[in-house]
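1. Sharing a model prediction with you, sequence too.
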Amino acid sequence: MTTSLKAGPASLTSKPPEAPGSTLSLHRPVSRHDGSPGVAPHFVTAAFEGPLELLLQLIRANRVEIYNIPIAEITEQYLAALERMEDLDLGVAGEYVLIAATLIEIKSRMLLPQPQLDETDGDAEDPRAELVARLLEYQQFQAPVETLRTWEAERRAIFFREAMDVASDYMLPLAQGEVEVSQLFQALHRLLSDAGVDEAPVTAVTPRKRLSLRMKMMEVVRRLARAGESGVPFSSLFELPCARYEIVLTFLALLELLKLGKARATQLEIHDEILVFAYSRDEIAGVR
Amino acid sequence: MQAALEALLFVSGEPVPAADLARALLAEEHIVEAALRELQERLAEQEGGIQLLRIANGWQLATRPEHEEVIARLGAKAASRLSRPALETLAIIAYRQPITIPEIDAVRGTSASGVIKTLLERRLIVEAGRRPTPGRPALYTTTQDFLHYFAISDLSELPPLETSPTPAPVPAEAVADGRAAVPAED
Amino acid sequence: MQAALEALLFVSGEPVPAADLARALLAEEHIVEAALRELQERLAEQEGGIQLLRIANGWQLATRPEHEEVIARLGAKAASRLSRPALETLAIIAYRQPITIPEIDAVRGTSASGVIKTLLERRLIVEAGRRPTPGRPALYTTTQDFLHYFAISDLSELPPLETSPTPAPVPAEAVADGRAAVPAED
């Protein structure tokens, strides 16, 4: 950005104040204090980040407390910064004018003789209080911004790798209706309702799911093998709560294992728990 | 277990929660957590090319920062840095989420809508419902990608805000001081 | 040099020729070759999760074979999630169906054909006729499985789009048609 400034007074008349409550106009001439430390061009840069940022920078540059803003001084510097933005043809957005109007209003209220102190009267408040509260609220995010900036820089120094494609070797379509499934279906229904899933999709989901079915089958076979003679209760094959997809996948894996004769299921009574057994430990390797 | 963990983390291109690793390893989560910490230490001591980070609610391998330059020379691309208004908006969302655009604007004193678009595109924030007030303004929250972008594990790592988050009423003494100071002005 | 090599190989997902590594390291190729062999030995002795392979005229880090099973178990979970491009493409199809690949590409600004293949394989979308325009491009719609995957009962449950970008919003009948086309799935 160029730092050369046009000479001569500029005015903000092209941007009328937008504050509806303000009776003050920005036509009010602003005395230029050339060389004043508060209006160096770098505040114009700061101003791009918003009117509150500009105000905070002016307050910092003047080494004054937010709680105790020398309002006349700051107002003057603020308006001068806005003028320079205009001079540089940067345009001054409405929100800057809004804060300018607020500043001017506060300044004029502070110049007025203080009304008689009356505790029932709202006028007892410092005219700057609201602006101070806003500045404080805004300011508290400045430290986190610096933290984020540091983290961003640190993070940019490290690199991650893309996921490797490990999902290529499973396509195991299940032919529909080849296995007698009615009892298992009931069990699945129970399971789905336990998982808080509506029952409708069960039939619709069964045909041909194939994602990572082989892996699920390996997992189930391994569990069955570990359980040995005692078998695995059907419902404990599912770790609830889990995604419907997991349930369906496990279910399909079991169906496929039954079909391939690598597992068998028994049930004594119609509503009893189904027990699932591995047919043989030697079969584990055969799944792949 | 450490070796298997390293292999698992190597193939996955995103942070993996310890629970997922435990499931893959058929091991208990606290054992996996301990092994992860050991692996993290081993890699740190070794000062090799990679490190193990706790990031975005999971664990992920990454290069060590001292290799940045070399990697950049190989042609790794990095996303552009966030502007200050973007960082500021992001900070406000991070601390106040879920939050609406008008609420963000009120804090910043300037319009955030352009910045919001950038943050949404970069998936650092998402829309998460709407406030049930007139106009039903959209609510925004930070994402997993936000955590990942700043390489932190969760939001609790953000530094505490220094002053109270709600617009603090100006302390009585300050107001009094302020008034006392008035005559000193021009 | 070994550490930097490890970092370089870590970030690149494909075999890297020694010459490229040498360029990134500003070192001579025979020195890099020697360092690569040392790294290879170190990784082998360490019996960690990864190994250094010399393949296709390049060098690449890979997991050691003994971890295959564990990785497969983790992969089972990862595979059940859709990648971001896949989700994006799916969202476009869901809201704009029936839609052709060129139309999807136009919205995303990048080629969707690889992603389309994945979505077809996972039966989240199906081909449903062709557009009667030159080239007769295939039209895609979402399926029943799509609804299940997202646990919604019909397309009307998709959250409404906020703005209406260039392609006109799908008229209700078109959506209905799209749904009607689903039973065509084998």
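-> Arrived safely. Numbers count the residues shown, from 1 in each chain, chains lettered A, B, ... in the order given.

2. C-alpha only now, for contacts and for neighbours.
-> OK.

3. hmm, who's touching the lengthiest helix in chain B?
-> Counting residues, the longest helix found in chain B (DSSP state H) is helix B:29-46. Contacts of helix B:29-46 from elsewhere in the structure, counted by Cα atoms under 8 Å, 6 or more residues apart in numbering or on different chains, are B:M1, B:Q2, B:L5, B:E6, B:A18, B:A19, B:L21, B:A22, B:I50, B:Q51, B:L52, B:L53.

4. now swap in stretch B:131-144 and tell me
-> Contacts of stretch B:131-144 (Cα under 8 Å, 6+ apart): B:56-57, B:90, B:93-94, B:97-101, B:123-130.

5. switch the cut-off to 6 Å
-> B:56, B:94, B:97-100, B:124-130 (Cα atoms under 6 Å, 6 or more residues apart in numbering or on different chains).

6. just to revisit the earlier point, partners of the helix or strand just after the longest helix of chain B, with directions?
-> Using DSSP states H and E, the next helix or strand after helix B:29-46 towards the C-terminus is strand B:50-55. When pairing is defined by DSSP bridges, strand B:50-55 lines up against strand B:58-63 (antiparallel).

7. B:V11 and B:E121, how far apart?
-> Separation of B:V11 from B:E121 (Cα to Cα, to the nearest Å): 27 Å.

8. so where do the helices sit in chain A?
-> A:42-47, A:51-61, A:71-87, A:94-111, A:129-139, A:142-156, A:182-194, A:201-205, A:213-227, A:244-259.

9. where's whichever residue of chain B sits closest to chain A, which helix or strand?
-> Distances between chain B and chain A by Cα to the nearest Cα are smallest at B:G13, namely 3.5 Å. For B:G13, there is no host helix or strand (DSSP H and E).

10. Now A:D126, what are its backbone angles?
-> Per-residue torsions, A:D126: phi -60, psi 130 (degrees, to the nearest 10).

11. quick one: contacts for the closest residue to A:W151 other than its chain neighbours?
-> When the adjacent residues along the chain are set aside, A:W151 lies closest to B:F150, with 5.2 Å between them (Cα to Cα, 6 or more residues apart in numbering or on different chains). Residues in contact with B:F150 (Cα under 6 Å, 6+ apart) are A:W151, A:E152, A:R155.

12. Tabulate the residues you listed in a markdown table, adding columns for neighbour count, pLDDT and distance to C:L155.
-> Output for these, formatted as a markdown table (neighbours: other Cα atoms under 10 Å in any protein chain shown; pLDDT from 0 to 100; distance: Cα to Cα, whole Å):
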| residue | neighbour count | pLDDT | distance to C:L155 |
| --- | --- | --- | --- |
| A:W151 | 15 | 92 | 41 |
| A:E152 | 18 | 91 | 40 |
| A:R155 | 17 | 89 | 40 |
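
13. show me where chain B has strands.
-> B:50-55, B:58-63, B:125-130, B:138-142 (DSSP state E).

14. Can you tell me which of those strands is packed in deepest?
-> Ranked by mean neighbour count, the strands of chain B are led by strand B:58-63 with a mean of 24 (mean count of other Cα atoms under 10 Å in any protein chain shown).

15. mind saving the C-alpha coords of it as CSV?
-> Output of strand B:58-63 as CSV, limited to C-alpha atoms (Å, rounded to 0.1, in the frame of the first residue of the first chain):
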residue,chain,number,x,y,z
GLY,B,58,-7.7,-38.8,17.4
TRP,B,59,-4.1,-39.8,16.7
GLN,B,60,-2.2,-39.1,13.4
LEU,B,61,1.3,-39.4,12.1
ALA,B,62,2.8,-36.3,10.6
THR,B,63,6.2,-35.1,9.6
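
16. Contacts for that strand, please.
-> Counting by Cα under 6 Å, 6+ apart, A:I158, A:F159, A:F160, B:P15, B:V16, B:P17, B:G49, B:I50, B:Q51, B:L52, B:L53, C:A7 sit against strand B:58-63.

17. Dump these into JSON lines; add distance to A:A263 as well.
-> Shown next, in JSON lines, are the contacts of strand B:58-63 (distance: Cα to Cα, whole Å):
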{"residue": "A:I158", "distance to A:A263": "48"}
{"residue": "A:F159", "distance to A:A263": "45"}
{"residue": "A:F160", "distance to A:A263": "42"}
{"residue": "B:P15", "distance to A:A263": "35"}
{"residue": "B:V16", "distance to A:A263": "32"}
{"residue": "B:P17", "distance to A:A263": "32"}
{"residue": "B:G49", "distance to A:A263": "46"}
{"residue": "B:I50", "distance to A:A263": "44"}
{"residue": "B:Q51", "distance to A:A263": "43"}
{"residue": "B:L52", "distance to A:A263": "40"}
{"residue": "B:L53", "distance to A:A263": "41"}
{"residue": "C:A7", "distance to A:A263": "46"}
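
18. Can you tell me which of the residues you listed is closest to B:R81?
-> Distance ranking of the contacts of strand B:58-63 against B:R81, using Cα to Cα, places A:I158 first at 14.2 Å.

19. Retrieve the pLDDT associated with the closest one.
-> Listed pLDDT for A:I158 reads 88.

20. same question, B:R179
-> Predicted confidence (pLDDT) for B:R179: 37.

21. State the mean pLDDT of the longest helix of chain B.
-> Here the average pLDDT along helix B:29-46 is 96.

22. what is the orientation angle of that helix with strand B:50-55?
-> Relative orientation of helix B:29-46 versus strand B:50-55 (axes from the mean of the first three to the mean of the last three Cα atoms, to 10 degrees): 140 degrees.

23. so how far is helix B:29-46 from its chain's centroid?
-> 23 Å (Cα atoms, centre = their mean, to the nearest Å).

24. Tell me which residues touch A:Y279, please.
-> Counted by Cα under 6 Å, 6+ apart, A:Y279 has contacts A:K262, A:A263.

25. Name the helix or strand of chain B that has the lowest mean pLDDT.
-> Within chain B, no helix or strand scores below helix B:172-181, which has a mean of 39 by mean pLDDT, DSSP states H and E.

26. Present the contacts of helix B:29-46 as TSV; the columns should include pLDDT.
-> Formatted as TSV, the contacts of helix B:29-46 follow (pLDDT from 0 to 100):
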residue	pLDDT
B:M1	90
B:Q2	91
B:L5	96
B:E6	95
B:A18	95
B:A19	94
B:L21	94
B:A22	95
B:I50	95
B:Q51	96
B:L52	96
B:L53	95
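
27. so which of those residues comes closest to chain C?
-> B:E6 (4.7 Å).

28. Surely the closest one touches C:G49?
-> Yes - counting by Cα atoms under 6 Å, B:E6 touches C:G49, with 4.7 Å between them.

29. No further queries at this time; thank you.
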